[in-house]
Structures are given as C-alpha cells and as structure tokens.
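In: sequence first, predicted model second:
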Amino acid sequence: MAMDIGISDKDRAKIAEALSKMLADSYILYLKTHNFHWNVTGPMFQALHNMFMVQYTEQWNALDLIAERIRALGHPAPGSYKRYAALSTIQEEEGVPSATDMIRQLVAGQEAVARTARAAFKVADAADDQPTA
C-alpha cells in the first residue's frame with residue numbers, strides 16, 4: 001500500500017536520510033557520553049558523573065523520537081553500530097581521555113549534532129514536513 005501523507009516519496013527518502021545521519025550522530029554521542037559517565041575520574045568526578053548521566057538520559061529519549069519519525073516516513077531506521085559508524089560525523093572514543101578532554105569531546109559532539117540537525121531541518125522544511133521540522 002502506497003503512503004500518501006502529502007510528501008513525495010523522493011522527499012520522504014531525503015528526509016529519512018537526513019534524519020538517519022542525525023540519529024547516527026546522536027547515537028554515537030550518546031554512547032560516548034555514557035562511556036565518559038562510567039570512566040570519568042579526578043577531582044571533578046561527582047559533578048561530571050552526574051552531568052553525564054543527565055545528558056545520556058536525555059539523549060536516549062531523543063534517539064527514540066528520531067527513529068520513530070524515520071519509520072513514520074516509511075523508511076527503516078538504522079540500528080547497527082556499523083551503519084551508525086558509516087553515517088556519523090562523530091568519531092568514537094576508544095580510550096579513556098582526561099576529564100577535561102571528555103568535556104571537550106562532548107562539546108564538539110553536541111556541536112556536530114546541532115549541525116546535522118540543522119541540515120535535516122533544511123531538508124524537512126523544503127518538503128514542508130512540519131512534524132519533522
């Protein structure tokens with residue numbers, strides 16, 4: 001059965017692709033934030049440990065909304081590390097950086113997600129996809 005929500009198949013595919021990139025960036029950032037929550041050390045431990053927990057909890061909730069919107073557009077949401085690695089602009093952290101470097105990486109990750117979200121917004125807005133935008 002063909003989907004008819006007032007957005008062309010071509011535009012829905014473009015929006016789903018942009019949202020998939022946003023989902024990938026968001027998921028890698030979530031994973032990095034959770035990793036840092038587990039592994040932060042030093043005099044800022046308690047403050048950073050708690051801050052990272054708040055952040056990864058909020059990120060987790062956002063992931064579901066993005067994936068569900070991709071599905072609502074009639075496309076499968078990416079769901080593997082391999083696919084996320086291919087789509088994401090954020091590099092995974094394989095080591096345990098200092099607390100200060102953790103903060104730097106998470107700021108850079110938030111900025112990357114913001115850029116990816118802005119790009120997705122432009123695609124959704126051009127297609128008059130108000131629920132996505």
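Out: Sure thing, it's come through.
In: from here on, just use CA atoms for contacts and neighbour counts.
Out: Fine.
In: which SS class is the spatially most central residue of the chain?
Out: The centroid of the chain falls nearest to residue 26 when counting by C-alpha atoms, centre = their mean (1.5 Å). Residue 26 falls in the helix class when you classify it by DSSP: H, G, I helix; E, B strand; the rest coil.
In: isn't it right next to residue 65, touching?
Out: No: Residue 26 is beyond contact range of residue 65, at 11.3 Å (criterion: C-alpha atoms under 8 Å).
In: can you give me the helices in this protein?
Out: 9-39, 45-72, 81-87, 99-126 (DSSP state H).
In: residue 132: which of those is closest?
Out: helix 99-126 (6.2 Å; C-alpha to C-alpha).
In: please state the offset of that closest one from the chain centre?
Out: 8 Å (C-alpha atoms, centre = their mean, to the nearest Å).
In: about what we covered before: could you identify which of the helices of the chain is most buried?
Out: helix 9-39 (a mean of 22; mean count of other C-alpha atoms under 10 Å).
In: and that helix, what does it pack onto?
Out: Packing partners of helix 9-39 (3 or more C-alpha pairs under 8 Å, 6 or more residues apart in numbering; DSSP states H and E): helix 45-72, helix 81-87, helix 99-126.
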